[in-house]
Every structure is written in structure tokens, then in C-alpha cells.
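A.B. asks: Got a predicted structure here, sequence first:
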Amino acid sequence: MAHKLPLQAITFSDFFLADIMTSMSKVFSDLERSVCRMFNRQVATIAWFEADSVCGSHSVVIPVVLVFPYVCRFFQCLRQYKDTKERTCLFNALKYSTAVPVIFLSALKYHVLPLSWTNFYHPLWLISSVINSLYSFYWDVTRDWDLSAFSRIFKFKNPHICTNLFYGRIWVYYWVIGSNLILRCTWTYKLSAHLRHNHLTVFTITALEIMRRFQWIFFRVENEWNKMMMSKPSLELSIEIPEEEDRLLGSANHNV
């Protein structure tokens, strides 16, 4: 039954949680490193600082843990395509697959010759990082938020259900688009094992990713709510709010 994974239809809450998990990939990796050190009794020993030890920073387990949330999200998109036959799901799956070369090419630095890394693998890592960052940014703005900079954002002056957004100040949307582009690029730093040694930088980027994901949540839910309102025959909100919540959280017919 492996070809049927995930085994059930994907709901809004399923992929919503899985998207948040991709922002926690570094957390999962650090948790695995800590458990490994405790299990192998490397806490407060010299092995803690040895990169080549079984729980060191050169371990092949690190990229495997980092990529796991993206693999889960990838298979969710495939399952969504199986259920809906919408090609958008395949393009979304492609977006999550672009994180795989970023993670594994970075890990290769510790397992190839320095000259090979400098002349071949490092340029490939840079290219894959740019592709992943820009693709993810494009998908956030045009799909997850439906705030295409080339269409929707210039319609704010024309009242319409499509532009009846919760956060009415226009500058908020310009801010979220600009900040998301920058933070999408910096997040690549966290996915790259060979850049994890500057702890202050890693901590800063982690805090920024929390902020990016926090604002992503607001605009993602807002977009889903707007789509629900557009599908109603009347523009008036239903009095039965629990029914709307059930549709938001339980429907499998979402573009993810």
C-alpha cells in the first residue's frame, strides 16, 4: 500500500500542520542530535565537539531528518492530486521536492574532496538554493495567499469580495510580500548542514523563520476564508459559525 500514502484524504488541517512542520525541520534535527548524544553517552564529553563522532555534525542522519517534513508534504500533494486530479497539486509537490537537493548537496561537503565541493557541488548547492527560495516565495504569494503582485494588489482601490481582506491597510500586504522574500532566502541557511556552525546566526534565522511562519499562517487562513465566502451565494456571513469552521477544517477539496 506504499503507493497509496498518505492513506486518507488530505484535509486543510492536515496540510496546514505539515507546512508548519517544514519550518521546524531544524528543530527536529537538533532534537535527534540531542537524543543521539544522550543514548551514546556523549553529553558533557569531548565527543560532543567531535564532528566525525557518531552524533557529530558530519552525520548522514542530519540531512535525513531535515528532509523528512518536506517528504511528508510531498506525498500529501501527491495524494491530493490522486483525489482531485488538479495539476496545481503536482506543481506544489515539485516545490517541496526542490528542498531535497539543497539539504543533501550541503551535507556532501563533509563527504567529498574539498576541490570537488568548491568546483562542482557548491555551485550546484547555490543554484538549488535560489530555485527553492524563489519557487517557495512565488507559491506563498500567488497560491497560499493569493496576493499576486501583478494583479490582486493593484485592485485594493476597487471594492470587491476578492479584495475584502481582513487586514485593510495596503502597506501590510507590501510588507508581508517583501519580508517573505527575504526570509525565504535566509531560511535556506537553516537547511544547509555546512552552515550550521555559527550558532548566533542560526538562532537569529530561527527567530526570523518563526516570524515568517506566523504571518504566513494569518494570510493563509485569510485566503481560505475568502475563498469560502466567494463560494457562498450570498456575501453575508452565515450565523452558524461552527458549520463554517467544519468546512474550513474538514473539507478535502482544497488547493494545497
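C.D. replies: On my side now, so go ahead. Numbering: from 1, shown residues only.
A.B. asks: hey, let's count contacts and neighbours off CA atoms from now on
C.D. replies: Noted.
A.B. asks: Would you tell me what the next helix or strand after the helix or strand where residue 133 lies is?
C.D. replies: Assigned by DSSP states H and E, residue 133 falls within helix 122-139. Note on helix 122-139: by DSSP H and E, the next helix or strand toward the C-terminus is helix 170-191.
A.B. asks: who does the following helix or strand past that next one touch, helix- and strand-wise?
C.D. replies: Toward the C-terminus, helix 170-191 is succeeded by helix 199-230 as the next helix or strand (DSSP H and E). Counting contacts by 3 or more C-alpha pairs under 8 Å, 6 or more residues apart in numbering; DSSP states H and E, helix 199-230 packs against helix 170-191, helix 241-250.
A.B. asks: mind running it again at 7 Å?
C.D. replies: helix 170-191 (3 or more C-alpha pairs under 7 Å, 6 or more residues apart in numbering; DSSP states H and E).
A.B. asks: Put the alpha carbons of the helix it packs on into CSV.
C.D. replies: The C-alpha trace of helix 170-191 is given here as CSV (Å, rounded to 0.1, in the frame of the first residue of the first chain):
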residue,chain,number,x,y,z
ILE,A,170,-2.3,48.3,1.9
TRP,A,171,1.2,48.6,3.4
VAL,A,172,0.7,45.4,5.4
TYR,A,173,0.5,43.4,2.2
TYR,A,174,3.5,45.1,0.7
TRP,A,175,5.4,44.4,3.9
VAL,A,176,4.4,40.7,4.0
ILE,A,177,5.4,40.2,0.4
GLY,A,178,8.8,41.9,0.8
SER,A,179,9.7,40.3,4.2
ASN,A,180,8.6,36.9,2.9
LEU,A,181,11.0,37.1,0.0
ILE,A,182,14.0,38.0,2.3
LEU,A,183,13.1,35.4,4.9
ARG,A,184,12.5,32.7,2.3
CYS,A,185,16.1,33.2,1.2
THR,A,186,17.6,33.2,4.7
TRP,A,187,15.7,30.0,5.6
THR,A,188,17.9,28.1,3.1
TYR,A,189,20.7,28.8,5.6
LYS,A,190,19.0,26.6,8.1
LEU,A,191,18.5,23.7,5.7
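A.B. asks: dump the residue contacts of residue 186.
C.D. replies: Residue 186 is in contact with residue 205, counting by C-alpha atoms under 7 Å, 6 or more residues apart in numbering.
A.B. asks: That one and residue 212, how far apart?
C.D. replies: According to C-alpha to C-alpha, to the nearest Å, residue 186 stands 11 Å off from residue 212.
A.B. asks: and residue 78, what helix or strand is that in?
C.D. replies: Secondary structure from DSSP H and E places residue 78 in helix 61-84.
A.B. asks: Now that helix: buried residues?
C.D. replies: If you call a residue buried by 16 or more other C-alpha atoms under 10 Å, then helix 61-84 has these buried ones: 61-81, 84.
A.B. asks: Over to stretch 19-30?
C.D. replies: Using 16+ other C-alpha under 10 Å as the test for burial, stretch 19-30 gives 19, 20, 21, 22, 23, 24, 25, 26, 27, 28, 29.
A.B. asks: In JSON lines: those residues, plus pLDDT.
C.D. replies: As requested, those are exported to JSON lines (pLDDT from 0 to 100):
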{"residue": "19", "pLDDT": "92"}
{"residue": "20", "pLDDT": "91"}
{"residue": "21", "pLDDT": "92"}
{"residue": "22", "pLDDT": "91"}
{"residue": "23", "pLDDT": "88"}
{"residue": "24", "pLDDT": "89"}
{"residue": "25", "pLDDT": "88"}
{"residue": "26", "pLDDT": "83"}
{"residue": "27", "pLDDT": "85"}
{"residue": "28", "pLDDT": "89"}
{"residue": "29", "pLDDT": "86"}
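A.B. asks: Perfect, that will be all.
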